[in-house]
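> Model the structure of this input:
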Amino acid sequence: MPSLKLDSIYQGDCIEIMNALPEKSVDVIFADPPYNMQLGGDLTRPDSSLVDGVTDDWDQFENFKAYDQFTHQWMKAARRILKDNGTMWVIGSYHNIFRVGCQIQDMGFWILNDIIWAKTNPMPNFKGTRFTNAHETLIWCAKSDKSKYTFNYDSMKAFNEDVQMRSDWHLPICTGHERLKDKNGKKIHTTQKPESLLYRVIMSSTNPGDIILDPFFGTGTTGAVAKKLGRHFIGIERDEVYIAAAKTRLDHIQKVEDTTLFEPTCKKAEPRIPFGSVIEHGLLNPGEHLFDAKRKFVATVKADGTLVTPSASGSIHKVGAQLQGLPSCNGWTFWHFEDPRKSELQSIDCLRQQLKHELFAI
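A predicted model of the protein is given here:
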């Protein structure tokens with residue numbers, strides 16, 4: 001059985017090639033299979049011009065049974081080479097995603113999320129006979145319900161301006177300079193995915209050095225983003241034109257040598273600093289006052305690390321929540337102190353970060 005050729009493209013049938021690769025050898029699979037669009041003839045705009053839709057031979061199947069058989073075969077091959085703690089992403093539209101989802105569950109994968117890619121610039125419905133199809137669906141699944149899969153929660157939250165990232169991703173379709181075209185200005189691949197979509201997929205579910213396999217590599221979006229983020233890729237593609245475009249694209253990407261830039265953020269791994277430690281190390285003193293950012297509320301610091309107000313007492317989190325009438329509160333960001341060296345109130349979280357640096361050299 002051949003060894004893996006990392007950061008390379010295998011030419012040929014994806015089922016045959018995956019069956020020849022070592023078992024349990026890849027960390028993540030991203031699959032953008034044929035959608036079996038079932039288009040009935042040409043699609044025209046109101047001005048009678050022809051819409052450049054998906055009419056490629058690789059998207060044509062005799063019937064649903066044939067498509068289901070193809071899906072089962074490639075997915076079985078993919079499952080064999082996926083590590084036990086690996087995950088798989090499959091993207092599709094309403095034409096195929098429900099049939100694909102059924103096979104995913106029947107085969108023993110464990111669905112973690114379905115992600116809605118809401119297209120900010122979708123192709124309009126030219127005939128006006130139904131709603132504009134403005135989204136596609138990604139199914140993210142683990143190999144089993146026992147898999148200890150990778151999910152970089154803290155990185156994705158930081159990426160989203162410290163707000164928990166949701167399962168609806170509002171991103172544009174691939175256009176402009178990113179869209180690969182031939183010398184005549186025609187799209188090389190009709191369903192080229194935007195790099196922004198793969199960026200979120202790879203950032204969220206892989207670590208630097210992981211191996212990502214794309215069995216329907218096309219013009220190489222998965223490989224391009226993997227290379228930019230310090231991950232390895234394996235692409236499988238039949239079409240020589242697509243492969244040539246992908247290789248040219250990949251050759252133009254400069255590899256970043258500082259791999260520490262790709263390490264995911266993980267707050268859970270950081271040492272925990274209780275508010276009491278801030279007091280015992282003299283960064284705040286008993287009797288000092290804390291305020292919210294607008295000075296609407298004021299609380300007094302006690303020696304045991306709790307706060308007291310005329311109407312509430314307890315931890316920095318509990319008191320902050322009680323004063324606001326909320327079920328919870330992050331006291332580290334809610335409470336502020338007066339720093340005589342600065343004109344504005346300072347968040348007590350800066351004291352926690354200072355203490356982490358002093359105690360743990362973080």
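> from what I can see residue 116 touches residue 170, true?
No. Using C-beta atoms under 8 Å, residue 116 and residue 170 do not qualify as a contacting pair, with a distance of 9.1 Å. For the C-beta atoms, the positions are set from N, CA and C on the backbone; glycine is no exception.
> which of the two has more neighbours?
residue 116 (16 against 11; other C-beta atoms under 10 Å).
> Make sure that one is indeed in a strand.
Yes. Under DSSP: H, G, I helix; E, B strand; the rest coil, residue 116 falls within a strand.
> partners of it in the sheet?
Bridge pairing for residue 116 (DSSP bridges) gives the partners residue 137, residue 168.
> Let me see the contact set for it.
Neighbouring residues of residue 116 by C-beta atoms under 8 Å, 6 or more residues apart in numbering: 135-137, 167-169.
> which residues of the stretch 201-350 of the chain score low on pLDDT?
Scanning the stretch 201-350 of the chain for pLDDT under 70 picks out 268-270.
> ok, of the contacts of residue 116, which one's closest to residue 154?
When the contacts of residue 116 are compared for distance to residue 154 (C-beta to C-beta), residue 167 wins out at 17.3 Å.
> Neighbours of that closest one, how many?
Residues lying near residue 167 (other C-beta under 10 Å) number 10.
> That one reaches residue 113, doesn't it?
Yes. Using C-beta under 8 Å, residue 167 and residue 113 qualify as a contacting pair, with a distance of 5.4 Å.
> Strands along this structure, start to end?
8-11, 26-31, 82-92, 110-119, 135-142, 168-171, 211-214, 232-237, 289-291, 298-301, 307-308, 313-314, 336-337, 346-347 (DSSP state E).
> Now do the third one against strand 135-142: the angle between them, please.
Comparing the axes of strand 82-92 and strand 135-142 via axes from the mean of the first three to the mean of the last three C-alpha atoms, to 10 degrees yields an angle of 170 degrees.
> What lies in contact with strand 82-92?
Outside strand 82-92, the residues that reach it (C-beta under 8 Å, 6+ apart) are 24-33, 35, 78-79, 97, 100, 104, 109, 112, 117, 136-144, 146-150, 193, 201, 205.
> Mind giving me the ChimeraX select for those residues, buried ones only?
In ChimeraX, this line selects whichever of these come out buried by 16 or more other C-beta atoms under 10 Å:
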select :25,26,27,28,29,30,31,32,33,35,78,79,97,100,104,109,112,117,136,137,138,139,140,141,142,143,147,149,150,193,201,205
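> which non-adjacent residue is nearest residue 148?
Leaving aside its chain neighbours, residue 148 sits nearest to residue 85 (4.8 Å; criterion: C-beta to C-beta, 6 or more residues apart in numbering).
> how deep is the one you found tucked in, by neighbour count?
Counted with other C-beta under 10 Å, residue 85 comes out at 15.
> Just the pLDDT at it, thanks.
Turning to residue 85, the model gives it a pLDDT of 98.
> repeat for the one 5 residues further on
Note on residue 90: pLDDT of 98.
> how far away is it from residue 102?
Look at residue 90 and residue 102: by C-beta to C-beta, to the nearest Å, they are 12 Å apart.
> Neighbour count: the two, which is higher?
Set residue 90 next to residue 102 and count neighbours by other C-beta under 10 Å: residue 90 wins out with 24 against 12.
> got JSON lines for the contacts of residue 116, with distance to residue 281 and pLDDT too?
JSON lines is the format used below for those (distance: C-beta to C-beta, whole Å; pLDDT from 0 to 100):
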{"residue": "135", "distance to residue 281": "51", "pLDDT": "96"}
{"residue": "136", "distance to residue 281": "52", "pLDDT": "96"}
{"residue": "137", "distance to residue 281": "51", "pLDDT": "98"}
{"residue": "167", "distance to residue 281": "41", "pLDDT": "97"}
{"residue": "168", "distance to residue 281": "43", "pLDDT": "97"}
{"residue": "169", "distance to residue 281": "43", "pLDDT": "97"}
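> Between which two of those is the distance greatest?
136 and 167 (13.0 Å).
> List the buried residues of the helix of greatest length in the chain.
Using DSSP state H to assign secondary structure, the helix with the most residues in the chain is helix 64-81. Neighbour-count burial for helix 64-81 flags 67-68, 71, 73-75, 77-79, 81 (criterion: 16+ other C-beta under 10 Å).
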